[in-house]
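Generate a structure from the sequence data that follows.
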Amino acid sequence: MIRLLLLMAVTVLAYRGLWAAGFVWDDIPLIVQNQALADWSIASIFGSDLWADSGAGEVASGYYRPLVLLSFAFDRAVFGLNPLGFHVHSLIWHLLAVLGLYRLCRGMIGKDAAFVGACLFALHPAQSEVVSWIAARNDLMAAAFGFFALGTVWGERSPSLWSWLGAMSLTVLSCLSKETAFVLPFLLLSADIARKNKTGMWLRCGALASGVLLVLCLRAYFGVGEAVVPSVEGWQLLMRSFVGWAGIMGSTIVSPWPVSSARDLAWVPLVSPFRLCIGLAFWAVLGWVAYVAKGERRRVVLMGCAWLLVLLAITLVPTADKGGFGDRFLYWPMAGLAVIVGTCCASHWKYMVPAIVVPALLILHVRLPDWQHDRSLWGAAIRDVPTPTNELSLGHALTLYSRHKRAHVNFVSAMGGQEVDWEACPPIVGSAMRSGLVRHAYRMGHWAIARGCPKTGLMNGWMATAAAMNGDWEAAGSWAMSEPLDPKGRARAVQAAIARRAGDEAEYAEIEAEWIGERPLNVQVEALVRAGER
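Residues are numbered from 1 along each chain as shown. Here you go, the predicted model:
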């Protein structure tokens, strides 16, 4: 118990850098801009998609995670929008997950092995993304509930009614936090088979399976959280990038530096071949360890491998769907690795624990400041994984702070290399316009189009505005009428300016009657006309 309490204290010390961290990335739309949290709308929290009321607009993510939304609502009620309280709350869930894993492993592999595994799970630098990123709290909550659910029934040959109901309830809570918990029955089944704990095995698995079934029924009842099926193109990209993906995930476990949250299947070829080799070597060594292990140790190692591989395999669905992946996908799989390392190193735990803790403390101390704000996060991402997508993300982060000239540099970098992120096309023009570089914006828009930018409403709107402000009214009219239409209304403002210049008051009045923009139409029209006549 003393060792475990010491581990908890060291974990809190390791993450003290989060006291200066803020809201980053998805935290902004999911928490800061989420009206359902501010209003404590229980009906919306439990009856909607995770992103339904976020600041990202109408997004059908397929994720049904009401408990994590409820935890965010609690934080907003207690702490307001002070990120410190949110980070402390997330760290508490991480500590609970560590405690749950230790309690589970102690009965499986012994106290010394469980302590080594708990140290690895608590302090491995790859875990820092989930702990540091408030929006990723769903993993922390699901793991904590899930490990306690497993531990409630695993050690009982014939679980009592209360144990059975307790495991089922914890499984429900885990599944309502994140869909990863749907594999809890498999984790228990593999553990029972490994330790030849077959008496009452199906009764124990039934408790967890019943919890999963209840949540599936709840999702169906509310009609939310339907499974997301990746496109054929997504699966094809994953298949082409699978070896690189495996190398990246393996190298992150072995050499958790850099620790980066921003990876994408499209940019796997840009990763250093050396790191890929390290990662692939890790998987080869893991297979060798499982092969040479003997007797009961071999069964436990194979169980840990099954946990690790299955928990990694289920992350392939969101990876194929969204294209992105990161260290957060290793949070649950690290439990399987903890079982393997703990089993193999239990007799040398006094040497193994410092070998885990000391490097982890150093790396976490250096990397946690990256989570202060979006600029530091994406700046670190570019330093660690210099891809066009990360350049684009830093540009968007700088835009939020009105640093438009600096953002323009990043948007150009996102399109200036051999690999291109086409989402940078509209911001290239927009950032230059916001910087007052009207002529440059128009030139950069034509440059981006020559590079192969696809037609989008946002690009059409920005190009129409840039053409009008450069006095090229004919081109402005052409861009304003191009499909698809600009969802931000810039093209309509240009059309109104053209109508005003032509004296077509009927056309102008029609546009004004439909206008729903934040700024008054006449203000924008006057600005466009004045700029175009200079």
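
all contacts plus neighbour counts: C-alpha atoms, from now on.
Noted.

Strands along the stretch 151-300 of the chain, start to end?
263-264 (DSSP state E, counting those that start in this stretch).

Point out where it drops to low pLDDT.
Applying pLDDT under 70 to the stretch 151-300 of the chain flags residues 156, 225-228, 258-261.

ok, and what's touching stretch 98-114?
For stretch 98-114, the external contacting residues (CA atoms under 8 Å, 6 or more residues apart in numbering) are 115, 117-118, 121-122, 144-145, 147-148, 150-151, 154-155, 195, 300, 335, 339, 341-347, 349.

out of those residues, which are inside helices?
Counting by DSSP state H, the part of the contacts of stretch 98-114 found in helices is 115, 117-118, 121-122, 144-145, 147-148, 150-151, 154, 300, 335, 339, 341-345, 349.

still on that earlier bit, of the contacts of stretch 98-114, keep whichever come out buried.
Neighbour counting by 16 or more other CA atoms under 10 Å classes 115, 117-118, 121-122, 144-145, 147-148, 150-151, 154, 300, 335, 339, 341-346, 349 among the contacts of stretch 98-114 as buried.

Got the domain ranges for this protein?
Taking automatic domain parsing as the criterion, the chain consists of the domains 2-225+232-371, 374-533.

Quick check: which ranges of the protein have low pLDDT?
Within the chain, the stretches with pLDDT under 70 are 55-60, 156, 225-228, 258-261, 532, 534.

In the longest helix along it, which residues are buried?
In the chain, with assignment by DSSP H, the single longest helix is helix 83-109. Across helix 83-109, burial judged by 16+ other CA under 10 Å covers 83-106, 108-109.

now do stretch 502-509
By 16+ other CA under 10 Å, the buried positions in stretch 502-509 come out as 507-508.

Extract the C-alpha trace of that stretch and format it as CSV.
Provided in CSV are the C-alpha atoms of stretch 502-509 (Å, rounded to 0.1, in the frame of the first residue of the first chain):
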residue,chain,number,x,y,z
ALA,A,502,-24.3,49.3,-61.1
GLY,A,503,-27.2,51.2,-59.5
ASP,A,504,-29.3,48.1,-59.3
GLU,A,505,-31.2,48.9,-56.1
ALA,A,506,-33.7,46.1,-56.6
GLU,A,507,-30.9,43.5,-56.6
TYR,A,508,-29.3,45.1,-53.6
ALA,A,509,-32.5,45.2,-51.7
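
elements contacting the strand or helix carrying Arg383?
Under the criterion of DSSP states H and E, Arg383 resides in helix 374-384. The helices and strands touching helix 374-384, judged by 3 or more CA pairs under 8 Å, 6 or more residues apart in numbering; DSSP states H and E, are helix 388-400.

Give me the distance from the helix it packs on to the chain's centre.
Distance, stretch centre to chain centre, for helix 388-400: 16 Å (CA atoms, centre = their mean, to the nearest Å).

cool, stretch 460-476 as well?
How far stretch 460-476 lies from its chain's middle: 38 Å, per CA atoms, centre = their mean.

Equivalent analysis for stretch 117-136, please.
14 Å.

how far does that stretch stretch from start to finish?
Its start and end residues considered, stretch 117-136 measures 22 Å (CA to CA, to the nearest Å).

One more: stretch 478-493?
13 Å.

distance of Glu510 from Gly517?
Glu510 sits 14 Å away from Gly517, going by CA to CA.

got it, and Asp264?
With distances taken as CA to CA, Asp264 is found 35 Å from Gly517.

More neighbours: which of the two?
The residue with more neighbours, out of Asp264 and Gly517, is Asp264; 19 against 12, by other CA atoms under 10 Å.

which residues does the more buried one contact?
Contacts of Asp264 (CA under 8 Å, 6+ apart): 323-325.

Dig out what it forms beta bridges with.
Gly324 (DSSP bridges).

which of the contacts of Asp264 has the most neighbours?
Counting neighbours by other CA under 10 Å, Phe325 comes out on top of those with 21 neighbours.

my read: that residue touches Trp267, true?
No. If you go by CA atoms under 8 Å, Phe325 and Trp267 don't touch, sitting 11.1 Å apart.

Quick check on the nearest residue to Ala135 once chain neighbours are set aside: phi, psi?
Excluding the flanking residues, the one nearest Ala135 by CA to CA, 6 or more residues apart in numbering is Asp27, at 5.3 Å. Backbone torsions of Asp27, given as degrees, to the nearest 10, read phi -60, psi -30.

Near Asp27, how many other residues are there?
19.

before we move on, what about Val358?
11.

so it is in which element?
helix 349-367.

Who are the packing partners of that helix?
Helix 349-367 sits against helix 2-14, helix 111-123, with contacts defined as 3+ CA pairs under 8 Å, 6+ apart.

The last one to helix 83-109, inter-axis angle?
Read that as helix 111-123. 150 degrees (axes from the mean of the first three to the mean of the last three CA atoms, to 10 degrees).

Which SSE is immediately downstream of helix 111-123?
Following helix 111-123 in sequence, per DSSP H and E, is helix 128-132.

Touching that following helix from outside, list them.
When contacts are defined by CA under 8 Å, 6+ apart, helix 128-132 is touched by residues 18, 21, 87, 90-91, 94, 136-137, 139-140, 260-261, 327-328, 331, 364, 368, 371.

for it, which positions count as buried?
Buried, per 16+ other CA under 10 Å, within helix 128-132: 128-132.

again with stretch 19-33
Those would be 19, 21-32, for stretch 19-33 by 16+ other CA under 10 Å.

Contacts only, for Val301.
Counting by CA under 8 Å, 6+ apart, Val301 makes contact with 290, 293, 339-340, 343.

Of all pairs in those residues, which one is the farthest apart?
Using CA to CA, the contacts of Val301 reach their maximum pairwise distance at Ala293 and Val339, which is 13.7 Å.

Let me know which of the helices and strands packed on helix 349-367 is tucked in deepest.
Mean neighbour count, computed with mean count of other CA atoms under 10 Å, is highest for helix 111-123 among those, reaching a mean of 26.

quick check: angle from that one to helix 2-14?
Per the same axes, to 10 degrees, the angle that helix 111-123 makes with helix 2-14 is 10 degrees.

need the contact list for Gly445.
Contact partners of Gly445, counting by CA under 8 Å, 6+ apart, are 425-426, 428-429, 463.

returning to that earlier point: distance to Ser231 added to the contacts of Asp264, as a markdown table?
Below are these laid out as a markdown table (distance: CA to CA, whole Å):
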| residue | distance to Ser231 |
| --- | --- |
| Gly323 | 11 |
| Gly324 | 14 |
| Phe325 | 16 |
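
Show me which of these is closest to Trp51.
Gly324 (17.4 Å).

what's the helix or strand for His408?
Secondary structure assignment for His408, by DSSP H and E: helix 404-416.

quick check: angle from that helix to helix 388-400?
Computed by the same axes, to 10 degrees, the angle separating helix 404-416 from helix 388-400 equals 160 degrees.

Kindly provide the distance from Thr252 to Arg137.
Separation of Thr252 from Arg137 (CA to CA) stands at 21 Å.

ok, the two, which is more surrounded?
Set Thr252 next to Arg137 and count neighbours by other CA under 10 Å: Arg137 wins out with 27 against 24.

With adjacent residues omitted, what lies nearest to the more buried one?
Ser90 (6.0 Å).

which residues does that neighbour contact?
Residues near Ser90 by CA under 8 Å, 6+ apart: 131-132, 134, 137, 140.

Next up, the contacts around the closest residue to Pro230 other than its chain neighbours.
In space, Pro230 comes closest to Asp321 once its chain neighbours are excluded; the distance is 4.2 Å by CA to CA, 6+ apart. Asp321 is in contact with 228-231, 234-235, counting by CA under 8 Å, 6+ apart.

Buried among these? Make that a PyMOL selection.
To isolate the buried members of these in PyMOL, using 16+ other CA under 10 Å:
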select buried, resi 230+234+235
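
Going by distance to Arg443, which of the contacts of Asp321 wins?
Proximity of the contacts of Asp321 to Arg443 (CA to CA) peaks at Gly234, which lies at 34.3 Å.

So the nearest residue to the closest one once chain neighbours are set aside versus Ala246, what's the distance?
Among residues not flanking Gly234 along the chain, Ala320 sits closest, at 4.7 Å (CA to CA, 6+ apart). Separation of Ala320 from Ala246 (CA to CA): 14 Å.
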